[in-house]
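>>> Sequence first, predicted coordinates after that:
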Amino acid sequence: MPAAVRGGSRPRAKPSAKTPPKAPRPAPAAAARRAGAEAAHGLSPRVALAGAVAVLALALGATLATGHRGQRMVAAIGSGIDNRFGAAGFRLKTIEVQGASPMATADIVKAAGVYRNQPMLGLDLDGLRQNVQRVGWVKEARVVRLLPDTLVVSVVEHRQLAVWQHAGRQFVIDDHGQVIKEADPARFATLPLVVGEGAADHAPEILPVIAQRPRLIGQMDALVRVDDRRWDVRMKDGSLIQLPADGVDAALMQLERLDQRSRVLELGFDRIDLRNPDVISVRPRQVQALQTQTYALPTAAGL
């Protein structure tokens with residue numbers, strides 16, 4: 001048998017090659033821009049907002065624990081947060097007024113009391129809405145904050161109904177008889193004129209009835225409230241139509257039938273009394289007789 005050979009060496013395995021480490025993926029362009037913006041401003045708006053919520057929660061706890069001192073702390077923290085957002089661009093640049101006439105817009109902006117570059121997050125929207133709704137033009141108001149820099153004030157205006165003359169002064173009233181204090185009556189010459197004590201309160205009742213009669217309202221100068229119980233219609237030529245305290249619509253229907261038969265509104269009159277529902281009294285316009293005078297003519301010389 002062949003002799004066994006001792007001390008022989010085993011064949012060595014070849015070392016496996018190491019996998020080279022993967023190169024990191026380049027950051028997307030958007031992430032790079034966002035990172036740059038965060039570096040420039042310190043915090044992104046989203047991160048700043050989350051931080052603001054956390055700080056306010058801590059401030060609320062401090063308020064409950066320390067009383068008035070905590071309230072001052074909350075105010076200081078809120079001011080700091082507001083300034084932080086202001087530095088990030090959340091400042092008022094534009095105020096948009098929607099639903100208002102040009103005459104009302106200036107009064108609405110003045111009542112809002114905001115100013116350019118005011119921190120947006122510090123605006124009291126409910127307080128702004130209440131201030132705007134105190135303006136006489138405004139029936140309803142809604143205030144919306146559009147970040148980063150726009151405030152939207154949306155309003156519904158009162159409808160201007162008439163000009164009310166009382167105690168030597170004139171006012172514009174709305175369709176509820178309320179005075180629109182900011183409105184200049186001189187700019188509403190096309191509105192009907194109502195005169196006398198109680199005329200503003202009762203104008204919303206009578207004017208829609210009159211408006212249904214184009215021939216009448218076309219010749220009407222004013223509606224005069226008499227003893228705060230009924231109306232006289234004063235015409236442009238100085239004539240007068242006396243309406244009853246009750247049943248105004250029925251009385252005006254009688255006037256329409258009379259006008260269809262006799263064209264009384266066209267021919268003219270001095271007074272029409274509609275206060276009695278059974279009798280229409282018409283006083284014709286009196287034509288004043290021309291006054292004549294006689295003059296003595298001089299005689300010719302020698303005659």
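Okay, I see it.
>>> Pretty sure Ile108 sits against Arg134.
No - here Ile108 lies out of contact with Arg134, judged by Cβ atoms under 8 Å, at a distance of 10.3 Å. For every residue, glycine as well, the C-beta is placed using N, CA and C.
>>> which of those two has more neighbours?
The residue with more neighbours, out of Ile108 and Arg134, is Ile108; 24 against 9, by other Cβ atoms under 10 Å.
>>> secondary structure element for the more buried one?
Using DSSP states H and E, Ile108 sits in helix 102-112.
>>> And the strands in the chain, which stretches?
Under the criterion DSSP state E, strands of the chain are mapped to 94-98, 138-146, 150-157, 160-166, 169-174, 193-195, 220-226, 230-235, 240-242, 271-273, 281-283.
>>> And for the fourth one, what's in contact with it?
With Cβ atoms under 8 Å, 6 or more residues apart in numbering as the contact definition, strand 160-166 has outside contacts at 170-175, 177, 179-180, 183, 185, 188, 191-197, 199-200, 203-204, 207, 222.
>>> What subset of those is buried?
If you count burial by 16 or more other Cβ atoms under 10 Å, the buried members of the contacts of strand 160-166 come out as 171-174, 177, 180, 183, 185, 188, 191-196, 199-200, 203-204, 207, 222.
>>> so who does Leu255 touch?
Leu255 sits next to 216, 241, 272, 274, 280 when contact means Cβ under 8 Å, 6+ apart.
>>> mind listing the helices for the stretch 151-300 of the chain?
For the stretch 151-300 of the chain, the helices defined by DSSP state H, counting those that start in this stretch occupy 199-211, 214-219, 248-262, 264-267.
>>> Select from these the stretch with the lowest mean pLDDT.
Per-stretch mean pLDDT for these is lowest at helix 264-267 (a mean of 90).
>>> Now that one: buried residues?
Neighbour count says helix 264-267 has 264-265 buried, by 16+ other Cβ under 10 Å.
>>> Name the residues that touch that helix?
Residues from elsewhere that reach helix 264-267 (Cβ under 8 Å, 6+ apart): 215-216, 219, 258-259, 272, 282.
>>> Which of those residues are buried, as a ChimeraX select command?
To isolate in ChimeraX the members of these that are buried, counting by 16+ other Cβ under 10 Å, one can use:
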select :216,219,258,259,272
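>>> ok, the contacts of helix 264-267 vs Glu157, which is closest?
The nearest member of these to Glu157, counting by Cβ to Cβ, is Leu216 at 28.1 Å.
>>> give me the low-pLDDT residue ranges for the protein?
Judged against pLDDT under 70, the low-scoring parts of the chain cover residues 1-89, 287-303.
>>> Could you chop it up by domain?
For the chain, automatic domain parsing gives the domain ranges 43-87, 94-157, 160-283.
>>> From Phe269, how far off is the residue nearest to Asn276 when sequence neighbours are not counted?
The shortest distance from Asn276 to any non-neighbouring residue, by Cβ to Cβ, 6 or more residues apart in numbering, is to Pro244 (7.8 Å). Here Pro244 is placed at a distance of 18 Å from Phe269 (Cβ to Cβ, to the nearest Å).
>>> ok so, going back, so which bits of the helix holding Ile108 are buried?
Burial within helix 102-112, assessed by neighbour count using 16+ other Cβ under 10 Å, is assigned to 103-105, 107-109, 111-112.
>>> Can you pull out the residues in contact with that helix?
Counting by Cβ under 8 Å, 6+ apart, helix 102-112 makes contact with 95, 97, 100, 128, 131-132, 134-138, 143, 151, 153, 155, 157, 182-183, 187, all of which sit outside it.
>>> 7 Å instead?
When contacts are taken as Cβ atoms under 7 Å, 6 or more residues apart in numbering, the neighbours of helix 102-112 outside the stretch itself are 95, 97, 100, 128, 131-132, 134-135, 137-138, 153, 155, 157, 182.
>>> you'd agree Pro192 is up against Pro208?
No - when contacts are counted by Cβ atoms under 7 Å, Pro192 is not listed as touching Pro208 (10.9 Å).
>>> In CSV, list the helices of the stretch 151-300 of the chain along with distance to Gly122.
Below are these laid out as CSV (distance: least, Cβ to Cβ, whole Å):
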stretch, distance to Gly122
helix 199-211, 41
helix 214-219, 52
helix 248-262, 55
helix 264-267, 63
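>>> Show me what Pro119 bridges to in the sheet.
For Pro119, the beta-bridge partners under DSSP bridges are Arg91.
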